[in-house]
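Visitor: Need the 3D shape of this:
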Amino acid sequence: MRRWHFLVFVVLVVALLGACKSMSPPPEQRLTSPSAPPPVPEPPIVKVTLPTTLPAMLSILQTRIYFTGSGYQPKEMVVVEMDVPPGLEIPAVKPGEPVGVAFGYADEKGDFTADITPPTKIMTFLRGNISPTLAPDPKSFKPIPHGIYTFRITGAESGRTALSKIEFVPPGK
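Guide: This is a model prediction of the structure:
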């Protein structure tokens, strides 16, 4: 039965992405995080367009948002968390706690890449629900406010931490 739900979800996501094909694809967003021990230097701010109207809102699903870094232990798990600003509610996240958005594993050299998946974009950036049939529920979407958000990248074994910042901007900015 789970395969059926997954198949339905995949078909719905492909259909939604197909509907968004008429829009020009957004540029690829690459977020590079320096790997330095504390104190963590202030990172540059990368801008990502976050529309607030349907169907433009779904373009974030086509935008590749990922983090890269180096200096971690070989084969170490690297976790990316978004600091949730005071007053912002993310479904299923306690107020004041960070929300995990991606993870990856460092290679033999200590370099990693961690992509944010479409379900995470829906639940975190669009603050939407995914129905029991694993389909996104566009009626529930309430995008996070435009602004600058801080992301912490942490090595699970080494504890090495880096910062990255994303500014979510309205279209045309």
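
Visitor: Can you find the helix or strand in this protein with the smallest mean pLDDT?
Guide: Here the helix or strand of the chain ranked lowest by mean pLDDT, DSSP states H and E is helix 2-20, holding a mean of 50.

Visitor: Quick one, grab the pLDDT at Gln171.
Guide: No Gln there; residue 171 is Pro. pLDDT for Pro171: 82.

Visitor: ok, now how distant is it from Pro118?
Guide: 19 Å (CB to CB, to the nearest Å). C-beta: built from backbone N, CA, C; applies to glycine.

Visitor: Give me the more crowded residue out of these two.
Guide: Pro118 (18 against 12; other CB atoms under 10 Å).

Visitor: That one against Gln62, yeah?
Guide: No: counting by CB atoms under 8 Å, Pro118 does not reach Gln62; the two are 9.1 Å apart.

Visitor: Determine the number of other residues adjacent to the closest residue to Pro95 other than its chain neighbours.
Guide: Nearest residue to Pro95, sequence neighbours excluded (CB to CB, 6 or more residues apart in numbering): Glu89, at 6.9 Å. Residues lying near Glu89 (other CB under 10 Å) number 11.

Visitor: And Thr161, by the same measure?
Guide: 15.

Visitor: bridging residues for it?
Guide: In this entry, Thr161 is beta-bridged to Thr154, by DSSP bridges.

Visitor: picking that back up, so the residue nearest to Pro95, which of the three states?
Guide: Here Glu89 is recorded as coil under DSSP: H, G, I helix; E, B strand; the rest coil.

Visitor: center of this protein, which residue is that?
Guide: In the chain, the residue lying closest to the centroid (CA atoms, centre = their mean) is Ile116, at 3.9 Å.

Visitor: Please list all residues in contact with the residue nearest to Ser140 when sequence neighbours are not counted.
Guide: Distances taken as CB to CB, 6+ apart put Asn129 closest to Ser140, at 4.2 Å, once the chain neighbours are dropped. Contacts for Asn129 (CB atoms under 8 Å, 6 or more residues apart in numbering) come out as 91, 123, 136-137, 140.
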